[in-house]
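[1] Only the shape, not the letters, is given here:
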């Protein structure tokens, strides 16, 4: 039976949890996740965990933040005047807004706080700075 290696398209089922046990994502009850190893389409630690597995293998692995979404960067958190947010946008802590940079690139910002005068926006990935634990089952290699 072959082991998953760079260039293989793999199908996996997974569940991801944080240190406190909170589940942040899972494929359970859905189609398996498919991706090609070696293309960087998933976080580096996840790709490393799947590499070398055989169909039917299951494992639990904890991926440090440095191999997941990186450290939380305080420079990516900004406080902006409330009037810079369109009035029709309903704000809620944890809500996400899309913004467009000067180069036309679209990026997602998370509302971390707001009041009548200011809005604090966080450009970090919501899982930045967090170690992630995954239960992984390899269901196919193509």
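    Received, thanks. Since this is a predicted model, take the numbers as computed values, not measurements. Residues are numbered from 1 along each chain as shown.

[2] What is the burial count for residue 94?
    Using other C-beta atoms under 10 Å, residue 94 has 8 other residues around it. (C-beta placed from N, C-alpha, C; glycine too.)

[3] check contacts around the spatially most central residue of the chain.
    Residue closest to the mean C-alpha point of the chain, counted by C-alpha atoms, centre = their mean, is residue 127 at 5.9 Å. Residue 127 makes contact with 24, 68, 69, according to C-beta atoms under 8 Å, 6 or more residues apart in numbering.

[4] Need the pLDDT of it.
    On the pLDDT scale, residue 127 is placed at 95.

[5] Distance check, it against residue 65.
    In this structure, residue 127 and residue 65 are 8 Å apart, going by C-beta to C-beta, to the nearest Å.

[6] what domains does the record give for the chain?
    Per the record, the chain has its domains at 9-70+127-141, 74-122, by automatic domain parsing.

[7] Let me know which of the ones you listed is tucked in deepest.
    Highest mean neighbour count among those (mean count of other C-beta atoms under 10 Å): domain 9-70+127-141, with a mean of 15.

[8] now the nearest residue to residue 123 once chain neighbours are set aside: how far from residue 126?
    Nearest residue to residue 123 in three dimensions, chain neighbours excluded: residue 76, at 3.9 Å (C-beta to C-beta, 6 or more residues apart in numbering). Residue 76 sits 12 Å away from residue 126, going by C-beta to C-beta.
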